[in-house]
Structures are given as structure tokens and as C-alpha cells.
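Peer 1: attaching a predicted model along with its sequence, questions to come.
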Amino acid sequence: MQEKLNCPECVDLDRRDFVRLMGTGAAVLSGAGLSLASEPEKLPMPQVIHPAEELVKELFAGLSEDQKKNIQLPWNHEARGRMYNKALGKPIKDVYTKPQQELVVRVLKAMSSGEEGYRQFSRDGTWDASKSFENCGANIFGDPTKDKYAFVFSGHHITLRCDGDSEEETAFGGPIYYGHTPMGYDSKNIFNYQTREVARLFEALDAKQRSKALITMGTPGEHEESVSFKEARKHTPAGLATAEMTADEIKLVDSVMRTILSPYRKEDVDEVMAIIKRTGGMEKIRFAFYTDESEGAKTNEKQPWSFWRLEGPGFIWNYRVLPHVHAYVNVSSKA
């Protein structure tokens, strides 16, 4: 039975048996912008050179056989597509040499939009409850010198991956996860700017649109299943569709997309937008704002939503604001 991705703020990380998988074998948007074409555009996926992946190959080439035993898993291992709240397997400090650790940092920076993106990934250098970069994990699935492979970086409130498009028609190499411990509406939360930008869109909506966008009962849930396309197909996406918005509101949608994608490298952003076009365009994306409480944290005028969510045929961005940020992302035209 699959384990839940849990958050350890109130539970000692050392007491949590979070990962047992190792023992089981285990920016800017593209120039095309946010097309609202009514028909899916059958565009080819972007073909680009990935600096991060080249660094992963360099990292792999320098690993000893003993190191590979600790961090390498088969491409088709179930752990590859999971989300993590601590290091998967052994932490970086127990596996990698100092020069190799510096190379892992270079990989992460190449996966980001630059220093600002990396600052957000690292939560301003704190790495949240992981406390340090060295306590996070960096694993390689498959063999970068041969066929399909993926690099997966894991730590508290973070799961990032890059794979040189080994996972076809899928952005970010698979589902990603990010978060930060400060309360979601607090300016100390490094991702608070994303909620502020979404709030600008909500404030521009008229009363009828807001009524459709607001969900007053329940929440979209968390963990991997909250961004599972298999689960999503069981219901009609909640909220207000971009197709129901005015031209001025669509400009704010454009700004929201630029904002939430801003920490990521351009090639990932381009891939996200290509997938959205292939699955019906931005007009299919719905915005939903949830007012029910989350983990005992109640909403009010100053903190109006516990979650906000963007969902379309091949795109899910599920963002928990309260009591602190957990964001789950899945983008794929294979949905």
C-alpha cells in the first residue's frame, strides 16, 4: 500500500518511517504566449539541449560503484514518480564528495530560472526542516549514459526532477512538489507572492464569476492523488474556466501563469505551455478557490482560501495555502 506524503512540522522527522522504498529495490513563458485556441494545437514538443541533464551525466560519470549502489535505482522503479518530504534514501552528505555536492548544486541551479529560482527552491538557503542542502537527497534512476534516466532531488517540502525528456509528453519529468513552513499568507513564506498574484485575478472577477470560482465545501485534498489525472477524470473540474473570462481577466491569467512558472528553467516552461496547447489550450484551465478549513486552519477575510487550484485536461496545479504552503504539480499530455 502506498505511503502518504506527510508533513513533519508536528512530528519528529527521525521518528517517521517515511521512505522504505530503497529496501524494495527501491523564467518566462515561450514567445507563443498563452494561446486560447479552441482546438488543441498538435505542436511538436520543444526539442532543446538541457544543461542540467548534461551536468547529471557528468555527475553520474564520476560516481564510484559503491556510490551508485546508494543512489541509483532502475528507471521503472516506483520511487521515480513519487513525491517526498525528506531525502529519498541516504542524504547527500553520506553519499557524495564535496566536489560532487557542488555539481549537484549546479544541477539544481540549471533546473531553475536562475539565482532567484534557486533561492526559492532552497527556501532562502534554509532548506526548511531538512536544515541544509546536505540533508536532502539526490538520486538517479536509470543510466544517463544509455537510455532513459531521471535525476530526482528530494527534501523537506521539495521534489524536483529532470530527465532530458525521457518521460515523454510530460513536463518537469513527472509530478513535482514544493512548499514552505511559514503560514501561507505570511510574507515570510517564500511562495506567498504566488497567492498574491492569484488574488489579483480573483479580485478582478465579478460577483457571478466569483460565485462559480468559490468552492465552499471540502478541499481538493493533498499528496500524489490530488494531482492524479486518473483521479481527476472521475469528476468535472471545479471552478471558473478561463474561457468564461474577459480579455482583461485573461491578461491576469497570463500573469498568474508567468508567476507560478517563474522559478523554473525556460525549457520546462516551454514544455508546460506546449502541453497545455496540445490538451485544449488555456481556455480549458479552471480556477478554483476553496474556503473550507485545512488541518484546523480556518479561513477569514485576511486569509480567504485554504487552497487554490488550476486544473485542465493535462494540467493540475494544486496549491494549499493554509496552514502553510504545500503545492503539487502535474503536467502531461499523456493524461
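Peer 2: It's in. Numbering: from 1, shown residues only.
Peer 1: the host helix or strand of Arg258 - contacts with which helices or strands?
Peer 2: For Arg258, the enclosing helix or strand under DSSP states H and E is helix 247-261. For helix 247-261, the contact count by 3 or more Cβ pairs under 8 Å, 6 or more residues apart in numbering; DSSP states H and E identifies helix 192-204, helix 266-278 as packing neighbours. For every residue, glycine as well, the C-beta is placed using N, CA and C.
Peer 1: 6 Å instead, please
Peer 2: In terms of contacts (3 or more Cβ pairs under 6 Å, 6 or more residues apart in numbering; DSSP states H and E), helix 247-261 is packed against helix 192-204.
Peer 1: list the buried ones in the helix it packs on?
Peer 2: Buried residues in helix 192-204, counting neighbours by 16 or more other Cβ atoms under 10 Å, are found at 192, 194-195, 197-199, 201-202, 204.
Peer 1: just checking, what packs against the helix or strand that that helix is followed by?
Peer 2: Read in the C-terminal direction, the helix or strand following helix 192-204 is helix 207-213, with elements assigned using DSSP H and E. Using 3+ Cβ pairs under 6 Å, 6+ apart, the elements in contact with helix 207-213 are strand 240-241.
Peer 1: excluding chain neighbours, what is closest to Ile250?
Peer 2: For Ile250, the nearest residue in space outside its immediate sequence neighbours is Thr242; the separation is 6.4 Å by Cβ to Cβ, 6 or more residues apart in numbering.
Peer 1: wait, that neighbour sits on Glu283?
Peer 2: Yes - the pair Thr242 and Glu283 qualifies as a contact (Cβ atoms under 6 Å) at a distance of 5.1 Å.
Peer 1: give me the more crowded residue out of the two.
Peer 2: Taking neighbours as other Cβ atoms under 10 Å, Thr242 and Glu283 compare with Thr242 leading, 23 against 20.
Peer 1: who's in contact with that one?
Peer 2: With contact set as Cβ atoms under 6 Å, 6 or more residues apart in numbering, Thr242 has these partners: 253, 282-283, 285.
Peer 1: chain center to stretch 219-229, what's the gap?
Peer 2: The chain centre lies 12 Å from the centre of stretch 219-229; the measure is Cα atoms, centre = their mean, to the nearest Å.
Peer 1: do stretch 136-147 as well
Peer 2: Per Cα atoms, centre = their mean, the centroid offset for stretch 136-147 relative to its chain is 19 Å.
Peer 1: before we move on, what about stretch 128-146?
Peer 2: In terms of Cα atoms, centre = their mean, the centre of stretch 128-146 is set 16 Å apart from its chain centre.
Peer 1: next, the buried residues of that stretch.
Peer 2: For stretch 128-146, a neighbour-count test (16+ other Cβ under 10 Å) marks 128-130, 133-142, 144 as buried.
Peer 1: want to throw those residues into TSV with secondary structure?
Peer 2: Rendered in TSV, the data for those read as follows (DSSP: H, G, I helix; E, B strand; the rest coil):
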residue	secondary structure
Asp128	helix
Ala129	helix
Ser130	helix
Phe133	helix
Glu134	helix
Asn135	helix
Cys136	coil
Gly137	strand
Ala138	strand
Asn139	strand
Ile140	strand
Phe141	strand
Gly142	strand
Pro144	coil
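Peer 1: and which of the residues you listed is nearest Ala238?
Peer 2: Ranking the buried residues of stretch 128-146 by separation from Ala238, with Cβ to Cβ as the measure, puts Asp128 on top at 29.5 Å.
Peer 1: all helices for the protein, in order.
Peer 2: Under the criterion DSSP state H, the chain carries helices at the ranges 51-61, 65-71, 98-111, 115-121, 192-204, 207-213, 229-232, 247-261, 266-278.
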